[in-house]
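Peer 1: Next one to model:
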Amino acid sequence: MSDLPRKAVTRTAKLAALPLGFAGRATWGLGKRIGGKSAELVAREVQQRTADQLFKTLGELKGGAMKLGQALSVFESALPEEVAGPYRAALTKLQEAAPPLPAHTVHKVLAERVGEDWRERFLEFEDTPAAAASIGQVHRAVWHDGREVAVKVQYPGAGEALLSDLAQLSRFARLLGPLVPGVDVKPLIKELRDRVSEELDYELEARAQRAHAEEFAGDHDVVIPQVVHQSDQVLVTEWIEGVPLSEVVAEGTAEQRDRAGQLLARFLFSGPARTGLLHADPHPGNFRLLPPAEDAEHSEGEEEGGPAGSWRLGVLDFGTVDRLPGGLPQSIGDSLRLALEGDAAGVYALLREEGFVKESIDLDPDEVLDYLLPIIEPTRVEEFTFSRGWIREQAARIADPRSPAHQLGRQLNLPPSYVLIHRVTLSTIGVLCQLGATVRLRDELEAWLPGFVGEDAEAADAEYTEDAEVAEVAEVAEEKAEPGAEGRAVEA
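Peer 2: The predicted structure follows:
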């Protein structure tokens with residue numbers, strides 16, 4: 001009953017045609033250069049035509065093809081504007097929707113996985129999907145107790161299609177490199193393949209979502225829908241209404257962009273600290289901007305844009321998570337802090353200890369620090385405005401084979417335990433740049449990232465807090481001991 005792929009041969013043919021198309025455009029580009037066009041202009045034209053075909057094909061397919069498309073889409077802000085502009089709308093559409101399964105197939109899955117009496121579980125069920133993603137689509141419904149719910153139905157044959165697509169795509173991963181400067185696509189595809197079994201397991205997803213929903217219950221900033229029902233290939237969760245982040249990217253106000261960016265950064269760093277889990281699929285389709293809670297009121301003296309009475313971030317899709325029982329590794333905070341302090345030797349020693357620099361390689365610590373400082377610029381200031389221009393500059397610096405940064409970057413290693421953290425961080429930065437958000441990133445790092453605030457600073461902060469508490473107690477005691485005040489017996 002597999003509707004995904006409708007015909008495996010057709011899917012394979014479409015994917016196999018991609019590298020042929022790439023080769024054809026390269027030949028076309030050579031002809032243009034011979035005809036007198038500049039190499040840079042021809043390269044841009046080839047890149048644009050390649051992108052058009054790639055995202056058109058990925059958007060028509062589900063499975064691994066669309067999964068890769070979603071993963072790549074967050075990096076579009078690193079592309080030159082004349083290349084990124086024409087297909088940005090297609091990328092946004094890819095993040096939010098895909099061709100739906102027919103209603104009869106959805107009904108068959110529900111009958112098999114929920115039960116022949118599945119309709120009795122719902123007061124209402126909309127056959128037209130509200131959203132579609134790489135391995136499943138979501139239908140809006142009303143549960144039998146009156147709650148509005150989202151019913152996620154996994155595409156039949158999703159697992160086979162996912163593995164088949166990613167195997168095909170990995171064969172010409174290097175051809176995709178020019179589309180996402182500074183990002184090595186092959187490890188990205190391998191990491192997506194390694195996560196297939198977890199993403200297909202709705203029991204694991206339900207468990208991760210329950211952990212987040214319990215921890216963030218009542219939170220002013222982040223909303224996680226509760227899990228209502230889970231069975232093989234079907235997951236029912238509470239429905240949350242809000243503005244998709246892709247719409248905020250396309251046409252949001254400055255206030256919405258900044259608030260969404262701040263909350264996205266907060267969720268990225270606070271989630272592992274609070275739940276021991278890292279949400280590992282941060283593309284805009286998985287987030288909603290929600291209005292303030294109806295009962296949220298500003299407390300006295302609280303500024304507009306504070307925790308209460310402000311836009312909130314709704315988070316969806318916990319199919320891919322990284323399990324980090326102790327939160328994000330302290331080595332990340334330590335290395336960031338040392339870099340900001342200008343301690344090149346300390347940063348280098350830590351990177352070597354963690355495996356970012358292999359034992360067989362010797363690098364100049366000062367050059368390593370020079371490589372890192374532009375990348376961590378958002379952490380060096382109180383607030384930073386992420387932009388497409390900034391990320392393009394970083395991508396160009398790292399991708400240019402003639403630059404020292406490119407040569408040094410090729411000698412660095414990414415340990416397996418950091419692969420997913422690295423991808424999530426890059427993807428989140430990509431979304432922040434799409435938003436053009438001004439974010440107080442240091443605030444989130446100081447609050448949630450182990451090691452970012454040094455021991456001396458923590459001790460000083462603790463001492464300051466203790467001194468303040470002592471002063472407050474003394475002040476209260478002095479007020480009670482004023483001459484003429486009744487109740488002197490309370491002095492003790």
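Peer 1: hmm, who's touching stretch 409-421?
Peer 2: For stretch 409-421, the external contacting residues (CB atoms under 8 Å, 6 or more residues apart in numbering) are 187, 191, 195, 278, 280, 322, 324, 328-329, 332, 351, 354-358, 361, 363, 371, 398, 422. All C-beta spots, glycine's among them, are computed from the backbone N, C-alpha and C.
Peer 1: hmm, try it at 6 Å
Peer 2: By CB atoms under 6 Å, 6 or more residues apart in numbering, the residues outside stretch 409-421 that reach it are Glu191, Ala280, Asp322, Gly355, Phe356, Lys358, Ile361, Ile398, His422.
Peer 1: Of the residues you listed, keep whichever come out buried.
Peer 2: Glu191, Ala280, Asp322, Phe356, Ile398 (16 or more other CB atoms under 10 Å).
Peer 1: sorry, back to before: the contacts of stretch 409-421 in helices, which ones?
Peer 2: Among those, the members found in helices (DSSP state H) are Glu191, Ile398, His422.
Peer 1: now the first one: how far from Leu426?
Peer 2: Spatial separation of Glu191 from Leu426 under the definition CB to CB, to the nearest Å is 12 Å.
Peer 1: can you check the second one too?
Peer 2: The spacing between Ile398 and Leu426, counted by CB to CB, is 11 Å.
Peer 1: Correct me if wrong: Ala130 contacts Val138.
Peer 2: Yes - assessed by CB atoms under 6 Å, Ala130 is found in contact with Val138 at 5.3 Å.
Peer 1: Name the residue in the two with the higher neighbour count.
Peer 2: Val138 (20 against 15; other CB atoms under 10 Å).
Peer 1: Who are the packing partners of the helix or strand hosting Val153?
Peer 2: Taking DSSP states H and E as the criterion, Val153 maps to strand 148-154. On a contact count with 3 or more CB pairs under 6 Å, 6 or more residues apart in numbering; DSSP states H and E, strand 148-154 meets strand 136-143, strand 234-238.
Peer 1: In JSON lines: those strands, plus distance to Pro102 and mean pLDDT.
Peer 2: What follows is those, written out as JSON lines (distance: least, CB to CB, whole Å; pLDDT from 0 to 100):
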{"stretch": "strand 136-143", "distance to Pro102": "11", "mean pLDDT": "94"}
{"stretch": "strand 234-238", "distance to Pro102": "17", "mean pLDDT": "97"}
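Peer 1: before we move on, the earlier item: counting by contacts, list what the next helix or strand after the strand holding Val153 packs against.
Peer 2: Next in sequence after strand 148-154, counting helices and strands by DSSP H and E, comes helix 158-170. On a contact count with 3+ CB pairs under 6 Å, 6+ apart, helix 158-170 meets helix 63-73, helix 185-194.
Peer 1: any idea which of the ones you listed scores lowest on pLDDT?
Peer 2: Note on the helices and strands packed on helix 158-170: helix 63-73 shows the lowest mean pLDDT, a mean of 61.
Peer 1: Out of the contacts of stretch 409-421, which two sit at the greatest distance?
Peer 2: Comparing every pair within the contacts of stretch 409-421 by CB to CB identifies Ala280 and Ile361 as the most remote, at 28.8 Å.
Peer 1: so where's this protein shaky on pLDDT?
Peer 2: The model of the chain has pLDDT under 70 over residues 1-99, 133-134, 169, 171-185, 188, 295-309, 455-492.
Peer 1: domain parsing for it?
Peer 2: Segmentation of the chain into domains, based on automatic domain parsing, reads 1-200, 243-453, 455-491.
Peer 1: quick one on the thing from earlier: got any residues that touch both of Ile398 and Leu426?
Peer 2: Residues touching both Ile398 and Leu426 (CB under 6 Å, 6+ apart): none.
Peer 1: Excluding chain neighbours, what is closest to Ala265?
Peer 2: Glu444 (4.9 Å; CB to CB, 6 or more residues apart in numbering).
Peer 1: So the one you found lies in a helix, does it not?
Peer 2: Yes - under DSSP: H, G, I helix; E, B strand; the rest coil, Glu444 sits within a helix.
Peer 1: so what's it up against?
Peer 2: Taking CB under 6 Å, 6+ apart as the criterion, Glu444 is in contact with Ala265, Arg266, Phe269.
Peer 1: Now with 10 Å, please.
Peer 2: Counting by CB atoms under 10 Å, 6 or more residues apart in numbering, Glu444 makes contact with Gln262, Leu263, Leu264, Ala265, Arg266, Phe267, Leu268, Phe269, Ser270, Thr379, Phe452.
Peer 1: Where does the first one sit, in terms of helix or strand?
Peer 2: Remark: Gln262 resides in helix 254-275, with elements defined by DSSP H and E.
Peer 1: Could I get the CA-only coordinates of that helix as CSV?
Peer 2: Output of helix 254-275 as CSV, limited to C-alpha atoms (Å, rounded to 0.1, in the frame of the first residue of the first chain):
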residue,chain,number,x,y,z
ALA,A,254,10.7,43.6,13.3
GLU,A,255,9.2,42.9,16.7
GLN,A,256,8.1,39.4,15.6
ARG,A,257,11.5,38.6,14.0
ASP,A,258,13.5,39.7,17.1
ARG,A,259,11.2,37.9,19.5
ALA,A,260,11.2,34.7,17.5
GLY,A,261,15.0,34.9,17.2
GLN,A,262,15.5,35.4,20.9
LEU,A,263,13.1,32.5,21.8
LEU,A,264,14.7,30.2,19.2
ALA,A,265,18.1,30.8,20.8
ARG,A,266,16.6,30.4,24.3
PHE,A,267,15.0,27.1,23.3
LEU,A,268,18.2,25.8,21.7
PHE,A,269,20.3,26.4,24.8
SER,A,270,17.8,25.8,27.5
GLY,A,271,16.2,22.6,26.1
PRO,A,272,19.3,20.3,26.8
ALA,A,273,19.8,21.9,30.2
ARG,A,274,16.2,21.4,31.3
THR,A,275,15.3,18.1,29.6
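Peer 1: Thank you, goodbye.
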